[in-house]
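Visitor: Need a 3D model of the sequence below.
(chains A and B)
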Amino acid sequence: MITVKNLHKKFGQLHILKGIDLEIARGEVVVVIGPSGSGKSTFLRCLNLLEEPTEGQITFEGESITTKRHNINKTREKMGMVFQQFNLFPHKNVIDNITMAPIRVKKTEKNKAEALAMDLLRTVGLEDKRDAYPSQLSGGQKQRIAIARALAMEPHVMLFDEPTSALDPEMVGEVLDVMKSLADKGMTMVIVTHEMGFAREVGDRILFMDQGIIMEQGTPKEVFGSPKNQRTQDFLSKVL
Amino acid sequence: MDFFSMFWEYKSYFLTGLQYTLLLAALGVLCGFILGLIVTLLRMSPWGIVRFIGHAWVEFLRGTPMLVQLFIIHYGFSTAFGINFSPLQSGAITLSINSSAYLAEIFRAGIQGVDRGQGEAARSLGMTRGMSLRFIIIPQAIKSVLPAIGNEFVTIIKESSIVSFIGITELMFQSGAVTGITYDGMTPYLIVAVMYFILTFTLSRILGLFERKLKASDHR
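Guide: Here you go, the predicted model:
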């Protein structure tokens, strides 16, 4: 579904990604772990071109998205993204946050978009918040709304950029539960996270990134159970 | 003659003045606002030459006196290019372009002040640059710079007195006219001072109300 070939990203002199090759299958849940500064988030943001790769190719559903002529907006409609800082639109209430993109971008009728939004609000357990403004919500609620907002575009893949890192500990669970049920429904997901328990439980494949490359990858059992790479072992011994 | 009887006796002068001041200020505010937004967008263009035009516009209009701009438009254009604007047209154009430069700077600060993540979230949902600006960035930017915009509106009302130089019968010009008739060098100016103050004070009150309404989404 997503193919990444020889992906490089430089910020000025700083070489963040040093050649990533990856194939993600439909329905797969790929969890990216690794120390801070290893390029995990940059890699994820390259997948929908929020960061423009310096070098390399990315194909999504058979179409190259890194060629100059490609209309990235069309592709982004099919790639949902959830951010560490939620990034809800503070000047819009919950229902408008969710329906805005379907109405403006996909030209969905308002009542249809709202019906879908209410379904999604039920899925994330926040149907009573439809008229609330983001500032009235807790962090966990904001992130669940952000997930609903991304899902409202009916994406084919969901990208999660440390979705629980900005949350108070007691709110992490509610967000992870929503993500887990999404994975159970067969959504293709790429998740950057520091939640090792979640990675082990939900991931089909774990990528360990360090110094801008994928150092090791495999099933959760392989990577967590018997990591082969010295750096993976060091990292896991520190976080587990 | 005391303040009120002077006002009453020459009320037609002052009311005509008020009309023109309001008209000029309204045109200046409205056209300046739209023009200011356009200039802001020019300054954020991906193309260097377009950015330069926006930048030059702002720097030139902020760096030269408005009276000079007024004379260039009113007398200069007529002499050099044969373009004759009526005094009212010249006045409205000068106020509009002058305030557009200041408003463009205010908008730019507001847009830069909106969290980067807002634009990223909008783009990640498939919105174009334009949609993201129009629906997400600009509404938040305007809200945050509303007090500064209000100040600029107040400034436009006051600065509109400059166009009395080319003979527009707005408040400033009219008070001079009344002074000429009555040989009273104080009272007519006091009257228009009060009238200007009522205008600007009312305007800042209205903007305050508007601001509070926009803050509805901020309450916790």
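Visitor: buried set for the host helix or strand of B:Ser99?
Guide: Element membership for B:Ser99 (DSSP states H and E) is helix B:87-113. For helix B:87-113, a neighbour-count test (16 or more other C-beta atoms under 10 Å in any protein chain shown) marks B:87-88, B:90-108, B:110-111 as buried. The way it works is simple: take the backbone N, C-alpha and C, and place the C-beta from them, glycine included.
Visitor: Can you verify my assumption that B:Ala92 contacts B:Leu24?
Guide: Yes. Between B:Ala92 and B:Leu24 a contact is recorded at 6.0 Å, counting by C-beta atoms under 8 Å.
Visitor: Compute the inter-axis angle for the top helix by length along chain B and helix B:87-113.
Guide: When chain B is parsed with DSSP state H, its longest helix is helix B:11-43. In terms of direction (axes from the mean of the first three to the mean of the last three C-alpha atoms, to 10 degrees), helix B:11-43 departs from helix B:87-113 by 40 degrees.
Visitor: pull the CA atoms of the helix or strand following helix B:11-43 into PDB?
Guide: Per DSSP H and E, the first helix or strand lying C-terminal to helix B:11-43 is helix B:48-63. C-alpha atoms of helix B:48-63 as PDB (Å, rounded to 0.1, in the frame of the first residue of the first chain):
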ATOM      1  CA  GLY B  48      10.000  36.000  -4.700                       C
ATOM      2  CA  ILE B  49       9.000  38.700  -7.100                       C
ATOM      3  CA  VAL B  50       5.400  38.800  -5.700                       C
ATOM      4  CA  ARG B  51       6.700  38.900  -2.100                       C
ATOM      5  CA  PHE B  52       8.900  41.800  -3.100                       C
ATOM      6  CA  ILE B  53       6.000  43.800  -4.500                       C
ATOM      7  CA  GLY B  54       4.100  43.200  -1.200                       C
ATOM      8  CA  HIS B  55       7.100  44.200   0.800                       C
ATOM      9  CA  ALA B  56       7.800  47.300  -1.300                       C
ATOM     10  CA  TRP B  57       4.200  48.400  -1.000                       C
ATOM     11  CA  VAL B  58       4.300  48.200   2.800                       C
ATOM     12  CA  GLU B  59       7.700  49.800   3.200                       C
ATOM     13  CA  PHE B  60       6.900  52.700   0.900                       C
ATOM     14  CA  LEU B  61       3.500  53.500   2.400                       C
ATOM     15  CA  ARG B  62       4.700  53.300   5.900                       C
ATOM     16  CA  GLY B  63       7.900  55.200   5.300                       C
END
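Visitor: which strands and helices sit next to helix B:48-63?
Guide: Judged by 3 or more C-beta pairs under 8 Å, 6 or more residues apart in numbering or on different chains; DSSP states H and E, helix B:48-63 is in contact with helix B:11-43, helix B:87-113.
Visitor: Out of the ones you listed, which is closest to A:Arg45?
Guide: helix B:87-113 (20.8 Å; C-beta to C-beta).
Visitor: hmm, back to that, list the buried residues of the longest helix of chain B.
Guide: For helix B:11-43, using 16+ other C-beta under 10 Å, the buried residues are B:13-14, B:16-18, B:20-21, B:23-29, B:31-33, B:35-37, B:39-43.
Visitor: Around chain B, pick out the residues from chain A.
Guide: Proximity of chain A to chain B (C-beta under 8 Å from any C-beta of the partner chain) is limited to residues A:48, A:50, A:73-74, A:76-77, A:79-81, A:83, A:85, A:87-93, A:100-101, A:104-106, A:133-136, A:146, A:149-150, A:153.
Visitor: Inside strands: which ones of these?
Guide: A:Met79, A:Gly80, A:Met81 (DSSP state E).
Visitor: got JSON lines for those, with pLDDT and neighbour count too?
Guide: Formatted as JSON lines, those follow (pLDDT from 0 to 100; neighbours: other C-beta atoms under 10 Å in any protein chain shown):
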{"residue": "A:Met79", "pLDDT": "96", "neighbour count": "26"}
{"residue": "A:Gly80", "pLDDT": "96", "neighbour count": "28"}
{"residue": "A:Met81", "pLDDT": "97", "neighbour count": "27"}
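Visitor: ok, back up a step: is there a quick PyMOL command that grabs whichever of the residues of chain A next to chain B are buried?
Guide: A single PyMOL command is used to select the members of the residues of chain A next to chain B judged buried by 16+ other C-beta under 10 Å:
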select buried, chain A and resi 48+50+73+76+77+79+80+81+83+85+87+88+89+90+91+92+93+100+101+104+105+133+134+136+146+149+150+153
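Visitor: who are the neighbours of the lengthiest helix in chain A, in terms of helices and strands?
Guide: In chain A, taking DSSP H as the definition, the longest helix is helix A:169-184. With contacts defined as 3+ C-beta pairs under 8 Å, 6+ apart, the packing partners of helix A:169-184 are helix A:139-151, strand A:188-192, helix A:196-202.
Visitor: Just want the angle from it to strand A:188-192.
Guide: Using the same axes, to 10 degrees: helix A:169-184 against strand A:188-192 is 150 degrees.
Visitor: And helix A:169-184, what's buried?
Guide: A:Met171, A:Val172, A:Glu174, A:Val175, A:Leu176, A:Val178, A:Met179, A:Leu182, A:Ala183.
Visitor: export that helix as PDB, just CAs?
Guide: The C-alpha coordinates for helix A:169-184 follow below in PDB (Å, rounded to 0.1, in the frame of the first residue of the first chain):
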ATOM      1  CA  PRO A 169      -0.900   9.500  32.400                       C
ATOM      2  CA  GLU A 170      -4.500   8.800  33.400                       C
ATOM      3  CA  MET A 171      -5.800   9.800  29.900                       C
ATOM      4  CA  VAL A 172      -3.400   7.600  27.900                       C
ATOM      5  CA  GLY A 173      -5.600   4.600  28.200                       C
ATOM      6  CA  GLU A 174      -8.700   6.100  26.600                       C
ATOM      7  CA  VAL A 175      -6.800   7.100  23.500                       C
ATOM      8  CA  LEU A 176      -5.000   3.800  23.100                       C
ATOM      9  CA  ASP A 177      -8.300   2.000  23.400                       C
ATOM     10  CA  VAL A 178      -9.700   4.000  20.500                       C
ATOM     11  CA  MET A 179      -6.600   3.200  18.500                       C
ATOM     12  CA  LYS A 180      -6.800  -0.500  19.400                       C
ATOM     13  CA  SER A 181     -10.400  -0.800  18.200                       C
ATOM     14  CA  LEU A 182      -9.400   0.900  15.000                       C
ATOM     15  CA  ALA A 183      -6.600  -1.600  14.500                       C
ATOM     16  CA  ASP A 184      -9.100  -4.400  15.200                       C
END
